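In: Got a sequence here, can you build the structure:
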Amino acid sequence: MAQDGSTWGMGDLAALLGAIAGLVAAVAFLVLVIWLAFPLVKLGRTFDEASASLKEATEHTLPILDEAAQTLASTNAQLENIDTITTSAAQVGANVSALSSLWAATLGRPLIKVSAFSYGVRQAYARATGRTSAEDAR
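Out: So this is what the prediction gives:
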């Protein structure tokens, strides 16, 4: 019965059932939203933690990168020094080679001539004294 004392009609009953169905659907949707809200909140916390971890990793990584850059610059400077030393050592080697060639040209030939002359003198002395070999002349 309706509030005014009349009976309910089919249209009123359909409207009531529609309202109840709408209410049930709204409650179900509310439960679904609440049920999905918890994982979303947890996911938000996870993203916050990931963001904080990334920020901390960045804070620790930047000084390491700065030190690596300084070390690399220092290493490059040392390599330039080593290059200078290597160039100087190569020049010293070339100078020693030139000096050796000069010594061989200026002193080597006369020394060979003196050696050959002294050998000839020993041989002549050995023959003159009647010795049979140059070993005896020594």
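In: quick one: low-confidence ranges for the protein?
Out: Counting by pLDDT under 70, the chain shows low-confidence ranges at 1-9, 132-138.
In: downstream neighbour of the top helix by length along it in the secondary structure list?
Out: The residue-count maximum for a helix in the chain (DSSP state H) belongs to helix 10-103. Next helix or strand after helix 10-103 toward the C-terminus (DSSP states H and E): helix 109-129.
In: re the thing from before, other SSEs contacting the longest helix of the chain?
Out: Helix 10-103 sits against no helix or strand, with contacts defined as 3 or more Cβ pairs under 8 Å, 6 or more residues apart in numbering; DSSP states H and E. Where C-beta positions appear, they are placed from N, C-alpha and C, glycine not excepted.
In: middle-most residue in the chain, spatially?
Out: Taking Cα atoms, centre = their mean as the criterion, Ala68 is the residue nearest the geometric centre of the chain, at 9.4 Å.
In: For that one, give its distance to Thr86.
Out: Remark: distance between Ala68 and Thr86 (Cβ to Cβ, to the nearest Å) = 26 Å.
In: same deal with Val96?
Out: 15 Å.
In: now do Val41
Out: Val41 sits 66 Å away from Thr86 when distances are taken as Cβ to Cβ.
In: Please apply the same query to Ser115.
Out: Here Ser115 is placed at a distance of 39 Å from Thr86 (Cβ to Cβ).
In: Tell me how many other residues crowd Val114.
Out: Neighbour count of Val114, defined by other Cβ atoms under 10 Å: 10.
In: how much space is there between it and Ala73?
Out: For Val114, the distance to Ala73 - Cβ to Cβ - is 60 Å.
In: And Phe47, by the same measure?
Out: 38 Å.
In: Please apply the same query to Gly108.
Out: 51 Å.
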